[in-house]
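**Q** what would the 3D arrangement of this be:
(2 chains, ligands or ions: 1)
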Amino acid sequence: MKRDLISITDYSKEEYLKIMDLAAEFEANPNQDLLQGKVVASLFFEPSTRTRLSFETAISRLGARIIGIADPGSSSTSKGETLHDTIKMVSNYADLIVMRHPLEGAARYAAEVSHVPVINAGDGANQHPTQTLLDMYSIVKTQGTLDNLNIFMVGDLKYGRTVHSLLMAMSEFENPIFNFIAPPELQMPKEYKMFLREKGIRFFEHREFTDIISEADIIYMTRVQKERFSDPIEYEQVKNVYILRNAMLEKTKPNVKILHPLPRVNEIHTDVDKNQKAYYFEQARNGVFTREAIISHIMNLK
Amino acid sequence: MSDDKKKKLKLKVSAIKEGTVIDHIPAQNLFKVISILGLDKIEHQITFGTNLESERLGSKAIIKVTDKFFEDDEINKIALIAPHAKLNIIRDYEVVEKKVVEIPKEIIGIVKCFNPKCITNNETITTRFKVVDSSPIALRCSYCEKHTVGEQIKMV
Ligand SMILES: [Zn+2]
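**A** Numbering: from 1, shown residues only, chains lettered A, B, ... in the order given. Have a look, this model is predicted:
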């Protein structure tokens, strides 16, 4: 039976660990012709150059050919074809589908329609599981473990799908602690806090972005987006409160790393970039190895 | 009201020999119940009454289906719109069994997802939800994973 990767919770803890091991293997040896002779469809119904390039690099390094849609304006969908029909057609051509779509649940639906595996490269505000796995790979690479970590999440915790998925995944590991730093209007939704309570996992909520970060092993920064606010004045008030500056890192732990799903706006000051605790550019690079790992796992090649 | 009159009122919807009587349906949901159970597509004899007095519901409806006996899975589909519905199973004009409806674990094709950005609201797809809470009823969309809760629940 084919396996898809649509939501981060589709994978078990054992599979997370397997992907971590495979990603390390691909980092050591990125070019492996495991997918030679295969065709992978890269369907981006919404533009996301960053994610598309990362996937297409991973696919190329595995030796497969790529067909696909990069510009949704020119695709069959703009001529009114349903997602159902596009996926039916493409799954007759390709051995694997990588898909990004602006509507939530589109990837789960595509996986039902397709007879080849589907990897979700983002469906609206819902899920982006390969981002979470590359975040986890970045964590294990820099901390040596996924257990006993104190993870700070900062910024938009209400709509930020990356923090929600990371929370779910890291909750599978031993003894995590979560610290949430967000303005009142962008706090972690209560279903996630309920989930943590039910699992007996400790978490703390803060309004102020202060030296409490001295406890952190990981500081996961997110964008505070203007369109999330109904009141523009509210946005102006909070947008400059949740900015990480180099001076704030002085008292932090030596092992701490700063992650960000990128692109950033102003939430990480450029003076942080030179600090060895800044990890967001390496994090993006880890995406290629993690995606090679995910693809070869889904295609039963590793 | 005289006993005789009461008896006559009760007989407004006539008795059946074999089959199922579904009672305590909220009057405004009668036609939805008929459609969910597919009663508009079967050939059994069906009688129904609506806008009948009910102490509990204010105004109730009742459906009698001759020679039809529902499976639990089938009848539980109406739990969202007729949570207090009661079934009387009739054999030879006698009630031989009474049943209540239960909210199923999964709801397929009945409810609309509350999330306007859900794929099910943008393409012709049968909706599917897991019931994650019962009071108030909370449904988790199997596609967009968002919750549709209580008052937000609307029929397709
Ligand atoms: Zn939905």
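
**Q** how about the residue in the stretch 201-302 of chain A that the ion sits nearest to, what does it touch?
**A** Going by C-beta to the ion, the ion is nearest to residue A:228 of the stretch 201-302 of chain A, at 20.2 Å. Heads up, the C-betas are built off the backbone N, CA and C, glycines and all. Residue A:228 is in contact with A:156, A:158, A:159, A:185, A:186, A:235, counting by C-beta atoms under 8 Å, 6 or more residues apart in numbering or on different chains.

**Q** which residues does the third one contact?
**A** Yep, that's residue A:159 we're talking about. Residue A:159 is in contact with A:125, A:186, A:225, A:228, counting by C-beta under 8 Å, 6+ apart.

**Q** give me the element it is part of.
**A** Counting by DSSP states H and E, no helix or strand carries residue A:159.

**Q** so how far is residue A:289 from residue A:50?
**A** Going from residue A:50 to residue A:289 by C-beta to C-beta, to the nearest Å gives 16 Å.

**Q** check contacts around residue 143.
**A** The chain I'm using is chain A. A:149, A:217, A:218, A:255, A:257.

**Q** you looked at the wrong chain, it should be chain B
**A** A:104, A:105, A:106, A:108, A:109, B:113, B:118, B:119, B:120, B:125, B:127, B:128.

**Q** burial check on the closest residue to residue B:122 other than its chain neighbours, number of neighbours?
**A** Counting by C-beta to C-beta, 6 or more residues apart in numbering or on different chains, residue A:103 is the residue found nearest to residue B:122 once chain neighbours are left out, at 5.5 Å. Counted by other C-beta atoms under 10 Å in any protein chain shown, the residues lying close to residue A:103 total 24.

**Q** might one say that residue A:103 is in contact with residue B:120?
**A** No. The pair residue A:103 / residue B:120 is not scored as a contact, 9.2 Å apart, by C-beta atoms under 8 Å.

**Q** number of residues surrounding the nearest residue to residue B:118 once chain neighbours are set aside?
**A** Spatial nearest neighbour of residue B:118, chain neighbours left out: residue B:144 (4.0 Å); criterion: C-beta to C-beta, 6+ apart. Close neighbours of residue B:144, defined as other C-beta under 10 Å, add up to 27.

**Q** do the same with residue A:114
**A** The local packing of residue A:114 (other C-beta under 10 Å) involves 21 other residues.

**Q** where's it relative to residue B:139, distance?
**A** Residue A:114 is 26 Å from residue B:139, by C-beta to C-beta.

**Q** same thing with residue A:104?
**A** For residue A:104, the distance to residue B:139 equals 15 Å [C-beta to C-beta].

**Q** check residue A:132 too.
**A** Distance, residue A:132 to residue B:139, by C-beta to C-beta: 25 Å.

**Q** how about stretch B:71-80: buried residues?
**A** Within stretch B:71-80, the residues that count as buried by 16 or more other C-beta atoms under 10 Å in any protein chain shown are B:75, B:76, B:77, B:78, B:79, B:80.

**Q** what of stretch A:141-152?
**A** By 16+ other C-beta under 10 Å, the buried positions in stretch A:141-152 come out as A:141, A:142, A:143, A:146, A:149, A:150, A:151, A:152.

**Q** what backbone torsions are found at the closest residue to the fifth one other than its chain neighbours?
**A** Same thing as residue A:149. The shortest distance from residue A:149 to any non-neighbouring residue, by C-beta to C-beta, 6+ apart, is to residue A:217 (4.5 Å). With angles defined as degrees, to the nearest 10, residue A:217 sits at phi -100, psi -30.

**Q** same question for the one 10 residues further on.
**A** Summarising the backbone geometry of residue A:227 under the convention degrees, to the nearest 10, its torsions are phi -70, psi -10.

**Q** can you check residue B:88 too?
**A** When read as degrees, to the nearest 10, the backbone of residue B:88 gives phi -110, psi 120.

**Q** contacting residues for the residue nearest to the spatial centre of chain A?
**A** In chain A, the centroid-proximal residue (C-alpha atoms, centre = their mean) is residue A:131; its distance is 2.0 Å. When contacts are counted by C-beta under 8 Å, 6+ apart, residue A:131 touches A:51, A:122, A:162, A:165, A:261, A:287.

**Q** assign it to helix, strand or coil.
**A** With DSSP: H, G, I helix; E, B strand; the rest coil as the basis, residue A:131 sits in helix.

**Q** return the distance of it relative to the ion.
**A** Between residue A:131 and the ion the computed distance is 21 Å (C-beta to the ion, to the nearest Å).

**Q** swap in residue A:39?
**A** Applying C-beta to the ion to residue A:39 and the ion gives a distance of 31 Å.

**Q** got any ranges where chain B has weak pLDDT?
**A** Along chain B, the parts satisfying pLDDT under 70 run over B:1-14.

**Q** what residue in it comes nearest to chain A?
**A** Using C-beta to the nearest C-beta, the single residue of chain B nearest to chain A is residue B:143, 2.7 Å away.

**Q** where's that residue relative to residue B:21, distance?
**A** Here residue B:143 is placed at a distance of 37 Å from residue B:21 (C-beta to C-beta).

**Q** got a list of contacts for stretch A:199-215?
**A** Counting by C-beta under 8 Å, 6+ apart, A:150, A:152, A:154, A:171, A:176-184, A:187-188, A:193, A:196, A:219, A:241-244, A:248-249, A:251-253, A:256 sit against stretch A:199-215.

**Q** let me see the domain layout of the chain.
**A** In the absence of a named chain, chain A is used. Structural domains annotated on chain A: A:8-128+A:287-298, A:129-284, as defined by automatic domain parsing.

**Q** sorry, I should have been clearer: chain B.
**A** B:16-100, B:106-155.

**Q** for the buried residues of stretch B:71-80, please prepare a markdown table with the additional fields secondary structure and distance to the ion.
**A** Below are the buried residues of stretch B:71-80 laid out as a markdown table (DSSP: H, G, I helix; E, B strand; the rest coil; distance: C-beta to the ion, whole Å):
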| residue | secondary structure | distance to the ion |
| --- | --- | --- |
| B:75 | helix | 26 |
| B:76 | helix | 21 |
| B:77 | helix | 19 |
| B:78 | helix | 22 |
| B:79 | helix | 20 |
| B:80 | helix | 16 |
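
**Q** which helix is the longest one in chain A?
**A** helix A:280-298 (DSSP state H).

**Q** how close does residue A:83 sit to residue A:113?
**A** Computed as C-beta to C-beta, the residue A:83 to residue A:113 distance reads 8 Å.

**Q** and the two? which has more neighbours close in?
**A** More crowded of residue A:83 and residue A:113, by other C-beta under 10 Å: residue A:83, with 22 against 18.

**Q** which residues touch the closest residue to the more buried one other than its chain neighbours?
**A** Leaving out its chain neighbours, the residue that sits closest to residue A:83 by C-beta to C-beta, 6+ apart is residue B:123, at 5.7 Å. Going by C-beta under 8 Å, 6+ apart, residue B:123 touches A:82, A:83, A:84, A:109.

**Q** mind giving me the ChimeraX command for buried ones among those?
**A** Written as a ChimeraX command, the selection of buried residues from those, which uses 16+ other C-beta under 10 Å, is:
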select /A:83,84,109
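
**Q** narrow the contacts of residue B:123 to those in helices?
**A** Of these, the ones assigned to helices by DSSP H are A:83, A:84, A:109.
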